[in-house]
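> Need the 3D shape of this:
(chains A and B)
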Amino acid sequence: MKMNEKTIYLDNSATTPVDKRVVNEMLPYFNEEYGNPGSMHSKGLTGQKALDASREKISEILNCKAEEIIFTGSGTESVNMAIKGIAYHLNKKLGKGKHIITQKTEHHAVLETCEFLEKEGYEVTYLDVDRYGMVNLENLKNAIREDTILVSIMYVNNEIGTIQPIKEIGKICNEKGVLFHTDACQAGNYLTLDVEKLNVNLLSLNGSKIYGPKGVGLLYIRRGVSLTPLIHGGGQERRLRSGTENIPSIVGFAKALELATEERGTENKRLEKLSQKLKDGILSTIPKAFLNGHPENRISGNVNISILDVEGEAVLLYLDEEGICISTGSACTSKTLDPSHVILATGMPYEAAHGSLRFSLGRYTTEEGIDKILRVLPRVIKELRGLSPVNLNAEDFIEYLSEENKKISLGLEVKQ
Amino acid sequence: MSETGMRTHLDVKAKVEGNKWFYNDIVREHFFKPRNFLKDEDEAMEYDKVASGVGQVGSPACGDMMKMWVKVDEKKDKIVECKWQTFGCASAIGSTSMLSLMVTENGGIKIEDALKIKPQDIANRLEGLPQRKFHCSVLGDKALRSAINDYFKRSGQNDRVMVEGAKIVDKILKITDKDIEEAVLEGARTLEDVQKKTKVGAQDKSCIPEVEQLIRFYTEKYFG
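The predicted structure is shown next:
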């Protein structure tokens, strides 16, 4: 990356910087109020108070009881705790079924946990999604069996930003008497986290996507829902997650969630405008490009675009040279040899997945930043397309696009 | 720190670094400032007219595609120019660029030497690629071989044309040695790995010893 230039960070779905207001809130808990809430002395008590206050603050936002919140070490840990914890409790302990339902576009935290459970003898149904990345409610209903113990569907997809109908899914699960968990890690900045409105039994959330610290997450567990703990020890967090509470991070997490909730309305409006500008700018200047995901039903900060004839990692690195940080669904940035499982699940061909770029805007994204991308990206694409022996026919991709995306995408009339 | 302590520390470090995908300066140099490439379709069409041979491997669906042109000094049996176009990541672009340099530097190299170049040789000249990106660099030598083969055909040197026909190993599923090669390049190292990718030997058990030999062969060829 070039020095002396301000970085344009458009990878907020990967992680966000910690807001200065959050940092300030956290600082005293590192070396002033460092007590362990498990200690009986006054230092311990201060820690306990900070922990209680944070839990209280978050419970107001989630519209739940404070004791329904269990702090963990990450979103991934929360997801593991929810899925394995429920599976072990209901199946191993209570002898209930061993069937779990999820969907193909989940985060690896969910998918890998489910695959792990499959090896242990559980059965998992991975529901298909449509071309927008939406799960079909009828399919879900039909997939629920007598022995289904848990449904886990993410609130917002991390790659394409598609919002799932959590409320309706929750209703179906309630009616069928199946527990429902949602991974809400990508939703905190944009959508309500009110667990009553959402009809969820379990909800995972983390700090590092909402301008809070990394290494802290939570699992909301509705009263009456029991699960087997994965981490044993001193019995913290209602014996469900042992380990000395990470007070500075929990305090920061609560502050971050509070800020995100307060600023949600104005931020959504601001980001929608910027996303629109970015999307329109790219699709109107770069031929053979199209939008992935849903045209409207997506979070305001997500723009995911596939550009044909170029490979995502190459674009990412050329942009990085210009001080612009994005991410891609190309196979080349994954640990496996396959490109984004999310883009593929929406029915797009491999070619489109290799050239998919995710721009995730955030609190510090400015219009100047978007302008710069719109200046730099067409040049980078032109350069890499020049280098590329591939010249795909955009018409061949039309069939994969939704009507809405056809109208705004492909830039068939755009001249390079 | 004790010597043993140091060694443990280094082992741990090496393992961690193996998982990274950051590129070193040489790869970056060849990626950001590639050598010998044809910068657009027009240049490619022009060069088509003067090239001695052209070859292409890969596909946009698999994430890498390379096209290579060679110009040969027939008398000296030497490659004098090597041009290319690549669709792919930094590893793919960087390694094609380096390969084009390797075959043309110091006045070019003999065709027989060019045919001996292995992916590992390119990676070595690049002073290493991130482990998980190695597979993106294995098409360059194939594209080069394919271009040289094209030159053999065009220049009527039929005796030198390499027949790279795939040989069927698993007679029921019609799985070829190419499929095994592909699986190894994708990271499979054991029979079980390869079976996961190809289902080879699922029904035709008689081919398993041959498959095991092929896995060893290709592992050594590309990663040995």
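
> can you pull out the strands in chain B?
Assigned by DSSP state E, chain B shows strands spanning B:53-59, B:64-73, B:78-87, B:168-170, B:175-176.

> Which residues of chain B lie near chain A?
Residues of chain B lying near chain A by CB under 8 Å from any CB of the partner chain: B:21, B:31-32, B:34, B:37, B:39-41, B:44, B:56, B:60-67, B:85-93, B:132-133, B:135-136, B:186-187. Backbone N, C-alpha and C define where each C-beta goes, glycine included.

> Give me the contact list for stretch A:102-111.
A:75-76, A:79-80, A:83, A:114, A:124-129, A:133, A:135, A:151-154, A:157-160, A:162, A:183, A:185, A:341-342, A:345-346 (CB atoms under 8 Å, 6 or more residues apart in numbering or on different chains).

> are any of those residues buried, and which?
A:75-76, A:79-80, A:83, A:114, A:124-127, A:129, A:133, A:135, A:151-154, A:157-160, A:162, A:183, A:185, A:341-342, A:345-346 (16 or more other CB atoms under 10 Å in any protein chain shown).

> quick one: which of those residues sit in helices?
Residues of the buried ones among the contacts of stretch A:102-111 located in helices (DSSP state H): A:75, A:76, A:79, A:80, A:83, A:114, A:341, A:342, A:345.

> need the contact list for the second one.
With contact taken as CB under 8 Å, 6+ apart, residue A:76 is in contact with A:109, A:217.

> Now do the same for it: its pLDDT.
Residue A:76 is assigned 98 on the pLDDT scale.

> next structured bit after the helix or strand hosting residue A:252?
Using DSSP states H and E, residue A:252 falls within helix A:247-285. Following helix A:247-285 in sequence order, the next helix or strand is strand A:289-291 (DSSP H and E).

> From the recorded domain assignment, give the ranges for chain B.
Structural domains assigned to chain B are B:18-160, B:168-223, following automatic domain parsing.

> Give me the neighbour count for residue B:42.
Residue B:42 has 10 neighbouring residues, counting by other CB atoms under 10 Å in any protein chain shown.

> how far away is it from residue B:85?
Residue B:42 sits 12 Å away from residue B:85, going by CB to CB, to the nearest Å.

> try residue A:239
In terms of CB to CB, residue A:239 sits 62 Å off from residue B:85.

> Who has more neighbours out of these two?
A count of neighbours by other CB under 10 Å puts residue B:85 above the other of residue A:239 and residue B:85, at 27 against 12.

> how close does that one sit to residue A:330?
In terms of CB to CB, residue B:85 sits 18 Å off from residue A:330.

> ok, the residue most central in space within chain B - contacts?
Nearest to the geometric centre of chain B sits residue B:138, at 2.3 Å (CA atoms, centre = their mean). Residue B:138 sits next to B:119, B:185, B:222 when contact means CB under 8 Å, 6+ apart.

> export those residues to TSV and tack on neighbour count?
Output for the contacts of residue B:138, formatted as TSV (neighbours: other CB atoms under 10 Å in any protein chain shown):
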residue	neighbour count
B:119	23
B:185	19
B:222	18
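
> Of those residues, just say which sits nearest to chain A.
residue B:185 (9.3 Å; CB to the nearest CB).

> Residue of the stretch 51-200 of chain A closest to chain B, please.
For the stretch 51-200 of chain A, CB to the nearest CB, closest residue to chain B: residue A:115, 13.4 Å.

> same deal with the stretch 151-300 of chain A?
residue A:288 (11.8 Å).

> neighbours of the closest residue to residue B:23 other than its chain neighbours, just the number please.
Nearest non-adjacent residue to residue B:23, counting by CB to CB, 6 or more residues apart in numbering or on different chains: residue B:90, 5.7 Å away. The local packing of residue B:90 (other CB under 10 Å) involves 26 other residues.

> Over to residue B:150?
20.

> is it true that it touches residue B:55?
Yes. Judged on CB atoms under 8 Å, residue B:150 makes contact with residue B:55 at a distance of 5.4 Å.

> neighbouring contacts of stretch A:252-262?
With CB under 8 Å, 6+ apart, stretch A:252-262 has contacts from A:18-19, A:21-23, A:25-26, A:53-55, A:57-58, A:61, A:71, A:188-189, A:193, A:205-207, A:210-213, A:216-218.

> what residue ranges in chain A score low on pLDDT?
Applying pLDDT under 70 to chain A flags the ranges A:1-5, A:332-337, A:407-416.

> same thing but at 90, please
Along chain A, segments meeting pLDDT under 90 span A:1-6, A:329-339, A:349-352, A:391-416.

> Residues of it that sit close to chain B?
Counting by CB under 8 Å from any CB, chain A sits next to chain B at A:309-314, A:317-318, A:321, A:330-333, A:335, A:337, A:339, A:349-351, A:354, A:386-392.

> List only buried entries from these.
A:309-314, A:317-318, A:330-333, A:337, A:339, A:349-351, A:354, A:386-390, A:392.

> For residue A:369, give its distance to residue A:274.
8 Å.

> for the spatially most central residue of chain A, what are its contacts?
When chain A is reduced to its mean C-alpha position, the nearest residue by CA atoms, centre = their mean turns out to be residue A:186, at 3.1 Å. Under the criterion of CB under 8 Å, 6+ apart, the neighbours of residue A:186 are A:13, A:154, A:155, A:156, A:157, A:158, A:161, A:209, A:299.

> The first one contacts residue A:301, correct?
Yes. Here residue A:13 lies in contact with residue A:301, judged by CB under 8 Å, at a distance of 7.4 Å.

> shared neighbours, those two?
A:161, A:360.

> Between the contacts of residue A:186, which sits nearest residue A:284?
Distance to residue A:284 across the contacts of residue A:186 (CB to CB) is lowest for residue A:161, with 20.5 Å.

> which residues touch the nearest residue to residue B:174 once chain neighbours are set aside?
Spatial nearest neighbour of residue B:174, chain neighbours left out: residue B:168 (5.9 Å); criterion: CB to CB, 6+ apart. Counting by CB under 8 Å, 6+ apart, residue B:168 touches B:174, B:175, B:176.

> bridging residues for residue B:168?
residue B:176 (DSSP bridges).

> What pLDDT is listed against it?
77.

> how far away is it from residue B:94?
Residue B:168 is 35 Å from residue B:94, by CB to CB.

> what's across from residue A:99 in the sheet?
Applying DSSP bridges, one finds that residue A:99 bridges with residue A:123, residue A:148.

> what about it, how many residues close to it?
21.
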